[in-house]
Structures are given as structure tokens and as C-alpha cells.
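*Asks:* Pasting a predicted model and its sequence here:
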Number of protein chains: 2
Amino acid sequence: MNEAAPVPRSGARFAVEYHLSGTETEARAKAEALCLDQTVELPDELVPAGMIREQILGRLESFRRLNADRYEATISFPTKLLTGDCAQLLNITFGIASLKPGIRVGRLHLPDPLVQSWPGSRFGREGLRGLVNIHHRPLVCGVLKPLGLSFSDLADLAYQLVLGGLDLVKDDQGLSDHPFCPFEERVTRCAEAVAKANRVTGRRCLYVPHVSGPWEAMHRRCLFAKKAGAGGVLICPGLTGFDSLHDTAQDEAIALPV
Amino acid sequence: MNEAAPVPRSGARFAVEYHLSGTETEARAKAEALCLDQTVELPDELVPAGMIREQILGRLESFRRLNADRYEATISFPTKLLTGDCAQLLNITFGIASLKPGIRVGRLHLPDPLVQSWPGSRFGREGLRGLVNIHHRPLVCGVLKPLGLSFSDLADLAYQLVLGGLDLVKDDQGLSDHPFCPFEERVTRCAEAVAKANRVTGRRCLYVPHVSGPWEAMHRRCLFAKKAGAGGVLICPGLTGFDSLHDTAQDEAIALPV
């Protein structure tokens, strides 16, 4: 994001690099269609003159050959089309393009003011290093699995993994809130097991439970996990919507690495 | 969903038809990997004996050739892995498979008790026909666009579309909560315009605003839309997470077609 960004021709714009398959003629036609599809979704002859044609439409900023049957088109869009949520950014970037073949999003170029107005990770790489107090080697993460183990088996496994030297222990993404391994029992027992093992090792391994689900359940799970002593939460944003990830990262009541 | 479902070998199971590309040997290897990947995500030799091996793993129920380089594998999973939310169903069905090439989900077979425990649309096709009082011809829907019009221009367009005979008028999915066309003003004005035109035609066209966004914004937009007289709400579940769609459909305070 944001390296080597092309200079947009006017106003505040962001840009998307699309990789387009086909002949040059086909790829150019796809690029022209993207300028319309990702904004007004009208045939060119129906686009009203004035503000909409001049400012709302996508603009083809550059077009180049990548290989025999693949071209790259960089298309800019006005940042005023963004509303500060992930849904709208994804809608403009992928929206109609995602329904058509031979189009891939290669890269997003967001201008600095936009990036600054959109806080990302609360902790980031260095913050996470600080939490586990490991600064000079890669962090090592283990996974609590398989799905099907009871919460006490998972807690035993967590204990052993921490003794084995891990920095992070996360739930498998298959662990949810199953009757054979309920969320609250699992998180309570695994957080206790990790804390107990940390007292043995004298280190600070973090336990990261998986919380994906409907928004209200996920929010409740995050607060429960925080209270139980979890060191972070794991979300699958493709399943929950990326705004859930963003909202969880920003939530002062949670304030955990996500 | 649920037609021609294969009979599972034991217990309550649901099944997914995967289309697998490659030679027969490659497709069989993919099918066997799916049984592990979509559940325990462990190599076969590490799967514990007993309940996990017997009940948690996916089971290859059938395997057949579709064409020269495409095979269909029907794999069943125990319904006890489902937790009643869309995230978990999507996780088992698509999860790891979505990270690997040459795998496509063709069809889901959900057993009747599962379908019955999981209410879908509140209105359905016949309910929607009842709302617009059109029972014997296809319904016709128009779209308020392009993105870039003001709320008063969109309301004028809505009025004209209803006079033109439409049954449903929906927002374009690009309309969000932009400063140049704020959500509340748009929905208020468009709902009023549709109601006014309905008084002219004597019919019952529904206005369906687009509400996608972060969960709390979306929920607030739905309640606002309901109060303003909207006849339904439009959600892009790929952007918001499918559980948002399900939660909105079930919400008694909203109770609109979604």
C-alpha cells in the first residue's frame, strides 16, 4: 500500500492497479469498463456531463503490458467516494470487477492523508514484540488443534506448547462455540493454562482465541476473552466482513492485538 | 440446496459437492485432503484415533468424473460442527479449500432438520409478491443511480421510475453515506417520493435503500430506513459478512425484506 504511488492528475484520488488478461485490445476495453463499472455502472453514453463525468468516474492513469496476455491498468478514483468504512473501499475496488473474469486487483495506492485518517493495527509488529518481550528474532506461533478435542485437552496442549517455547498460541480457526468445546470454557481454561506455563518459563506467551461469528457474538466473545486474560483475538475477516476486523481493532474496551 | 441429497452413512451430516480439477489421481488426492483440511487441518498420520477420526473428519461419500479434467467429490461433515452461524458454515465449506487452486464448491446438501432450524428469508418470493400485490407476472426492479447524483435528483428519479410502472426501486450499491448524498436525506426523500408516486399510480412500489457498512452503522441504517418508510433493505453480504444478512433478516425491529 502506498509505495511508488502514481501522482493523480487532480484532487484527492486513490488508485487501484488492475491486472487484466487478454489481448491488448481486450485489456484496454476492460480498463475502460472498470472506470465506469466501479463508479457509476452506466454505459458511457448515459453518463451525465459535469461533475459526475469529470469527478466521479474512474480515470485510467496508466496502462502497460505485463506479459504476453496480461496488462496492468492503474485506475484512480476520487477519495470522496470513500466513507471511512471497509465495505465501501472494497465495493469500489472489487465490486462489479469481482463478477467479471480476467480481472485481478494487484495493488492499492492510498494517499497519505487517507492512510493517516484510517488507523489500522493498534499494536503493529513492534507493539506485538513489546507484549511478548521478544525483539531480536522471529516470533513463533503454535495452533491449538485439532477440532474435536475437549477444552481440557486443548488447555493441556496450550500448557505444553508454552513450555516448548512458543511466543503465541492461537486457536485453530475451526474452533468456534461447539457443545463439545464451548467458547467460554475453552478460553478460560486455555488462558489459565498459558498463564500457568508463563509462570514456569518466566516469559510472556500470549493466548489468542478465535472469535469469528455474527457481530454481536463476536463482540461478546472479544470482551469475554479480554476478561479471561487472552492476549489477542483471531478473526477471519473474509467470513465476518472486514469492517468487523476494523471495528474490533479500534474498540477501546477490547484493546487487544487482532 | 437439499435436492437429491446423498444419504449419509451415519449420524446427522451435511454434504458439500466439490468440483476438483486435474487428473483422476490428482482429484482424488484433493478430495482426500479436503476431508482433513476442512475439519482437523492435520496430516492423516497425526489424526487421533477414536471420536475425532470416526466423527469429526470429512467423509468422501461419492466421487465421479464430470469431464476430461474435472471430477466431483461429495464430502459429508457432521452437523455438530455447525454452530448456527454463517461464519462457521462458510468456514467448513470454503475455509482452507479457498486457499488452494482447482477446487470449487458446486452445491451444499443440508438435511431438513438443519434447514428448518435455520430460518432464511422472512418474506420469500411469495411474501414479496404480497407486499407489492403483484401475483401473476415477474416483478420489475429499477435502480437509483448513478453515484454522484444529489439526494433530491435521486428522489426525482425514484418518483419518475414509480410512475413508469416499477414494482421495486432500489439504491445502487455504490450509494453509501457520502457527504454529497447523505444516507438519511437520501432515504427520507426517496421514500417520500416513492410514497407520493404510489398515491398517483394507486400501486405499492417498494423503495429499497442500500445499507451495507460496519455492523452498527448498518443496523442503525436499517432502523432509520424502516422508520422513513422503506419497503426493504439492500445488503452486499460479501462485503459485510453473511451473518449480517442473516441477523438483519431475523431482526424483529427491522422486519423488512432484505
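*Replies:* Happy to help now that I have it. This is a predicted model, so every value here is computed, not measured.
*Asks:* Please write out the alpha-carbon positions of the helix or strand in which residue A:15 is found in PDB.
*Replies:* Element membership for residue A:15, per DSSP states H and E: strand A:13-21. Output of strand A:13-21 as PDB, limited to C-alpha atoms (Å, rounded to 0.1, in the frame of the first residue of the first chain):
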ATOM      1  CA  ARG A  13      -7.700  10.400  -5.500                       C
ATOM      2  CA  PHE A  14      -6.700   6.900  -4.700                       C
ATOM      3  CA  ALA A  15      -5.600   4.300  -7.300                       C
ATOM      4  CA  VAL A  16      -6.000   0.600  -7.900                       C
ATOM      5  CA  GLU A  17      -3.700  -1.500 -10.100                       C
ATOM      6  CA  TYR A  18      -5.800  -4.000 -12.000                       C
ATOM      7  CA  HIS A  19      -4.200  -6.900 -13.800                       C
ATOM      8  CA  LEU A  20      -6.200  -7.700 -17.000                       C
ATOM      9  CA  SER A  21      -6.000 -10.800 -19.100                       C
END
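*Asks:* by contact count, what packs against that strand?
*Replies:* Helices and strands touching strand A:13-21, as assessed by 3 or more C-beta pairs under 8 Å, 6 or more residues apart in numbering or on different chains; DSSP states H and E, comprise helix A:24-37, strand A:59-67, strand A:70-78, strand A:103-109. Bear in mind the C-beta positions are built from the backbone N, C-alpha and C, glycine included.
*Asks:* what do you get if the cut-off is 10 Å, keeping everything else the same?
*Replies:* If you count contacts as 3 or more C-beta pairs under 10 Å, 6 or more residues apart in numbering or on different chains; DSSP states H and E, strand A:13-21 packs onto helix A:24-37, strand A:59-67, strand A:70-78, helix A:86-93, strand A:103-109, helix A:112-116.
*Asks:* ok, and what's touching the longest one?
*Replies:* Going back to what we said before, that points to helix A:24-37. With contact meaning C-beta atoms under 10 Å, 6 or more residues apart in numbering or on different chains, helix A:24-37 is reached by A:16, A:18-23, A:42-44, A:46-47, A:57-60, A:62-63, A:65-66, A:69-77, A:95-97, A:99-103, B:146, B:174.
*Asks:* Show me what counts as buried in that helix.
*Replies:* Across helix A:24-37, burial judged by 16 or more other C-beta atoms under 10 Å in any protein chain shown covers A:27, A:28, A:30, A:31, A:32, A:33, A:34, A:35, A:36, A:37.
*Asks:* Could you identify the most distant pair in those?
*Replies:* Greatest spacing in the buried residues of helix A:24-37, by C-beta to C-beta: A:27 and A:36 (15.7 Å).
*Asks:* Check which residues of the least confident helix or strand in chain A by mean pLDDT are buried.
*Replies:* In chain A, no helix or strand scores lower on mean pLDDT, DSSP states H and E than helix A:112-116, which sits at a mean of 91. Neighbour-count burial for helix A:112-116, counted by 16+ other C-beta under 10 Å, picks out residue A:114.
*Asks:* What helices and strands are in contact with the helix or strand following that helix?
*Replies:* Downstream of helix A:112-116, the next assigned helix or strand under DSSP H and E is helix A:124-132. Counting contacts by 3+ C-beta pairs under 10 Å, 6+ apart, helix A:124-132 packs against strand A:168-171, strand A:206-208.
*Asks:* Would you quantify the distance from the closest residue to residue A:134 other than its chain neighbours to chain B?
*Replies:* Among residues not flanking residue A:134 along the chain, residue A:167 sits closest, at 5.7 Å (C-beta to C-beta, 6 or more residues apart in numbering or on different chains). Counting by C-beta to the nearest C-beta, to the nearest Å, the gap between residue A:167 and chain B amounts to 21 Å.
*Asks:* ditto for residue A:245
*Replies:* Distance of residue A:245 to chain B, given as C-beta to the nearest C-beta: 10 Å.
*Asks:* what about the closest residue to that residue other than its chain neighbours, neighbour count?
*Replies:* Closest residue to residue A:245 apart from its sequence neighbours, by C-beta to C-beta, 6+ apart: residue A:237 at 4.2 Å. Residue A:237: 16 surrounding residues under other C-beta atoms under 10 Å in any protein chain shown.
*Asks:* List the residues that contact residue A:237.
*Replies:* By C-beta under 10 Å, 6+ apart, the neighbours of residue A:237 are A:86, A:212, A:243, A:244, A:245, A:246, A:248, A:258, B:241.
*Asks:* can you list the helices and strands packed on strand A:13-21 in CSV and add distance to residue B:131?
*Replies:* Listed next are the helices and strands packed on strand A:13-21 as CSV, based on distance: least, C-beta to C-beta, whole Å:
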stretch, distance to residue B:131
helix A:24-37, 31
strand A:59-67, 41
strand A:70-78, 36
helix A:86-93, 27
strand A:103-109, 37
helix A:112-116, 41
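*Asks:* Of the ones you listed, which is nearest residue B:182?
*Replies:* helix A:86-93 (13.7 Å).
*Asks:* what is the mean pLDDT for the closest one?
*Replies:* Taken as a whole, helix A:86-93 has an average pLDDT of 96.
*Asks:* just stretch A:173-183 next, same as before
*Replies:* For stretch A:173-183, mean pLDDT is 97.
*Asks:* what about that stretch, distance to the chain center?
*Replies:* 23 Å (C-alpha atoms, centre = their mean, to the nearest Å).
*Asks:* how about the residue of the stretch 151-258 of chain A found nearest chain B, what does it touch?
*Replies:* At 3.3 Å from chain B, residue A:241 is the closest residue in the stretch 151-258 of chain A, using C-beta to the nearest C-beta. Contact analysis of residue A:241 by C-beta under 10 Å, 6+ apart lists A:85-87, A:90, A:215, A:235, A:247, B:87, B:212-215, B:218, B:236-244.
*Asks:* Residue A:253 now?
*Replies:* By C-beta under 10 Å, 6+ apart, the contact list for residue A:253 reads A:219, A:222, A:223, A:226.
*Asks:* so what pLDDT did it get?
*Replies:* 97.
*Asks:* Correct me if wrong: residue A:65 contacts residue A:22.
*Replies:* No - using C-beta atoms under 10 Å, residue A:65 is not in contact with residue A:22; the gap is 11.6 Å.
*Asks:* which residues do the two both contact?
*Replies:* Common neighbours of residue A:65 and residue A:22, counting by C-beta under 10 Å, 6+ apart, are residue A:71.
*Asks:* between the two, who's got more neighbours?
*Replies:* Set side by side, residue A:65 and residue A:22 show more neighbours around residue A:22, with 16 against 11, by other C-beta under 10 Å.
*Asks:* so how many other residues sit close to residue A:165?
*Replies:* Look at residue A:165: counted by other C-beta under 10 Å, it has 11 neighbours.
*Asks:* Tell me if I'm right that it and residue A:203 touch.
*Replies:* Yes - if you go by C-beta under 10 Å, residue A:165 and residue A:203 touch, sitting 8.2 Å apart.
*Asks:* domain ranges for chain A?
*Replies:* For chain A, automatic domain parsing gives the domain ranges A:13-116, A:124-250.
*Asks:* Please identify the deepest-packed of these.
*Replies:* Among the domains of chain A, the stretch with the highest mean neighbour count (mean count of other C-beta atoms under 10 Å in any protein chain shown) is domain A:124-250, at a mean of 19.
*Asks:* any idea how far it is from the chain center?
*Replies:* 18 Å.
*Asks:* where do the helices sit along the stretch 151-258 of chain A?
*Replies:* Taking DSSP state H, counting those that start in this stretch as the criterion, the stretch 151-258 of chain A contains helices spanning A:151-163, A:183-201, A:215-228, A:237-240, A:242-250.
*Asks:* can I get those in TSV with distance to residue A:112?
*Replies:* What follows is the helices of the stretch 151-258 of chain A, written out as TSV (distance: least, C-beta to C-beta, whole Å):
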stretch	distance to residue A:112
helix A:151-163	40
helix A:183-201	39
helix A:215-228	30
helix A:237-240	24
helix A:242-250	19
